[in-house]
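>>> Need the 3D shape of this:
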Amino acid sequence: MTTLLVANRGEIARRVLRTCRTLGVATVAVHADTSEEAAAAHVAEADTAVRLPVPDGAGPAAAYLDPGALVAAALSAGADAVHPGYGFLSESADLARAVVGAGLTWVGPPPEAIAAMGSKTRAKHIAREAGVPVAAALDPDDVTADHLPVLVKAAAGGGGRGMRVVRALAELPDAAASARAEAAAAFGDPAVFCEPYVDHGRHVEVQILADTHGAVWTLGERDCSVQRRHQKVIEETPAPGLPDTLRDRLHGAARAMARAIGYVGAGTAEFLVPVHDDGPGAPVFLEMNTRLQVEHPVTECVTGLDLVEWQIRVAEGEALPASGPPAPRGHAIE
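So this is what the prediction gives:
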């Protein structure tokens with residue numbers, strides 16, 4: 001590729017631009033058609049920039065949510081590749097299809113892989129078929145007192161939205177209705193499901209990097225158990241105090257998920273590890289983020305890899321080194 005458009009703004013846009021400068025790839029920024037957005041740092045740092053129309057009555061952020069407008073911006077600027085960053089349409093199969101359909105290079109996983117992981121209930125089914133342990137997904141109407149406590153979750157999206165903890169059966173109808181409304185507003189999809197709620201558990205995610213030649217790397221894991229309102233506060237790698245046998249099991253499950261959906265590029269498989277008095281229990285698959293994550297720098301700190309660089313190299317068809325992934329060194333916290 002010679003010119004890459006970053007279909008995002010802010011910190012992640014600047015992060016991608018930085019690697020492109022190192023690689024000698026020309027860059028295109030996009031910004032909502034307002035004076036404040038036009039003066040943003042990522043616009044100044046790119047080689048060129050394209051304005052995105054703001055829908056009537058909407059805020060500037062809505063400008064970044066139109067796949068057609070983003071592809072048109074790339075074509076008008078002469079870009080031959082698109083990087084979605086994180087947030088906005090970074091996990092949109094529609095954007096990925098639009099980019100590929102326009103003859104441009106999509107710096108991300110195949111649209112089919114994004115779509116496969118777009119629904120948490122479908123992702124659980126795929127995980128089960130791949131031999132990856134998962135928690136049961138129940139329709140709220142099927143939950144009984146024996147299932148309590150449960151966590152009501154949105155089938156689409158993430159970020160802690162559409163989640164409610166239910167400890168009494170009488171609370172479930174209101175919790176499900178509230179979660180459906182929040183999910184519909186946030187993701188345009190009101191579907192929710194219930195799964196067993198774990199009072200004491202660790203949230204551990206495994207960084208994946210896969211190429212188009214069949215190689216799937218796992219680049220350590222990150223512990224993101226310290227959360228507030230289901231939002232991650234602290235990420236650290238490696239996950240402290242994790243037995244090696246459990247670590248290997250998590251990495252193996254992440255590779256199995258990636259292979260099951262033909263994954264390409266950088267991604268993250270997330271797991272819940274119950275914690276008992278006598279140690280950690282068996283992990284269960286939660287979801288897969290089909291994009292680069294906010295917390296990717298801690299993995300870069302201990303592996304020495306530039307994950308954005310490898311996203312670009314993989315998108316160009318380059319194979320991951322046959323020597324395998326680098327062994328993590330040290331400890332990093334974000």
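>>> all strands of the stretch 1-150 of the chain, in order?
Assigned by DSSP state E, counting those that start in this stretch, the stretch 1-150 of the chain shows strands spanning 3-6, 26-32, 48-52, 81-83, 105-106, 150-154.
>>> and the first one, what other elements does it pack with?
Which is strand 3-6. Strand 3-6 makes packing contacts with helix 10-23, strand 26-32, helix 67-77, strand 81-83 when contacts are defined by 3 or more CB pairs under 8 Å, 6 or more residues apart in numbering; DSSP states H and E. All C-beta spots, glycine's among them, are computed from the backbone N, C-alpha and C.
>>> Dump those to JSON lines, plus distance to G131, mean neighbour count and mean pLDDT.
What follows is these, written out as JSON lines (distance: least, CB to CB, whole Å; neighbours: other CB atoms under 10 Å; pLDDT from 0 to 100):
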{"stretch": "helix 10-23", "distance to G131": "34", "mean neighbour count": "19", "mean pLDDT": "98"}
{"stretch": "strand 26-32", "distance to G131": "41", "mean neighbour count": "23", "mean pLDDT": "98"}
{"stretch": "helix 67-77", "distance to G131": "34", "mean neighbour count": "19", "mean pLDDT": "98"}
{"stretch": "strand 81-83", "distance to G131": "33", "mean neighbour count": "27", "mean pLDDT": "98"}
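>>> Between those, which one is closest to A319.
Across the helices and strands packed on strand 3-6, A319 has its closest neighbour in helix 10-23 (17.2 Å, CB to CB).
>>> Can I get the closest one in CSV, CA atoms only?
Extracted C-alpha coordinates of helix 10-23, given in CSV (Å, rounded to 0.1, in the frame of the first residue of the first chain):
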residue,chain,number,x,y,z
GLY,A,10,-8.2,11.2,18.3
GLU,A,11,-5.6,9.1,20.0
ILE,A,12,-6.0,5.9,17.9
ALA,A,13,-5.8,7.9,14.7
ARG,A,14,-2.6,9.5,15.9
ARG,A,15,-1.3,6.0,16.9
VAL,A,16,-1.8,4.6,13.4
LEU,A,17,-0.4,7.8,11.8
ARG,A,18,2.8,7.3,13.8
THR,A,19,3.5,3.9,12.5
CYS,A,20,2.7,4.9,9.0
ARG,A,21,5.3,7.6,9.2
THR,A,22,7.8,5.0,10.3
LEU,A,23,6.9,2.8,7.4
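>>> Which residues are in contact with A116?
Applying CB atoms under 8 Å, 6 or more residues apart in numbering to A116 gives the contacts R122, A123, I126, I261.
>>> Which of these are buried? Put it as a ChimeraX command.
Entered in ChimeraX, the line below selects the buried ones among the contacts of A116, by 16 or more other CB atoms under 10 Å:
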select :123,126,261
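>>> mind giving me TSV with the contacts of A116 and columns for distance to T34 and pLDDT?
Shown next, in TSV, are the contacts of A116 (distance: CB to CB, whole Å; pLDDT from 0 to 100):
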residue	distance to T34	pLDDT
R122	37	91
A123	37	93
I126	41	96
I261	38	97
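>>> out of the strands of the stretch 1-150 of the chain, which comes closest to V134?
Of all the strands of the stretch 1-150 of the chain, strand 150-154 comes closest under CB to CB, at 12.8 Å.
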